[in-house]
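Asker: this one's sequence-less:
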């Protein structure tokens, strides 16, 4: 059995930046010719809380959240697991780590946007308790976007 560890870090972490490069390459393959419209929404700034997943000490996944304009909500962004590491619980571990961190900081809702060409992501989010909601800005009117949310609670 492989050991998954999750480290908190920042958007400036070179490991995170390398994983995001892999994520962007995957999205460009899945969503041509639409991905250029989404690239501007995917920027991660210094307000992001970043986690990186390691499988047997090798970096294999990442995700982050950033506060939304609603003071009680965060948006989960840049969720990615390398293809060779999928099926090991990495994505769920990343999600749980982000939800716990958001709850620690007093946020009550986690939202996210994924795409209709990522059924594995939709399935993961549904399994984690996320439900579909109307597309929120800036995704309103984007047919390929699927928006979801769930409450987050602090666990001692």
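Answerer: Nice, thanks for sending it over. Given the structure is predicted, the values throughout are model-derived calculations rather than measurements.
Asker: Show me what counts as buried in the longest helix seen in the chain.
Answerer: As assigned by DSSP state H, the longest helix anywhere in the chain is helix 14-30. Taking 16 or more other Cβ atoms under 10 Å as the neighbour-count basis, helix 14-30 is seen to contain the buried residues 16, 19, 20, 22, 23, 24, 27. Every C-beta, even on glycine, is put in place using the N, C-alpha and C of the backbone.
Asker: roughly how far apart are the residue nearest in space to the middle of the chain and residue 89?
Answerer: Centroid check for the chain by Cα atoms, centre = their mean gives residue 79 as the closest residue, at 3.0 Å. Going from residue 79 to residue 89 by Cβ to Cβ, to the nearest Å gives 14 Å.
Asker: for residue 104, same thing?
Answerer: Using Cβ to Cβ, one obtains 22 Å as the distance from residue 104 to residue 89.
Asker: Pass me the low-pLDDT residue ranges in the chain, would you?
Answerer: Within the chain, the stretches falling below the threshold (pLDDT under 70) are 1, 27-45, 154-156.
Asker: Go again with 80.
Answerer: Per-residue confidence for the chain (pLDDT under 80) gives these ranges: 1-2, 24, 26-46, 70-71, 154-156.
Asker: What residues does the residue nearest to the centre of the chain make contact with?
Answerer: 62, 63, 91, 94, 95, 112, 114, 121 (Cβ atoms under 8 Å, 6 or more residues apart in numbering).
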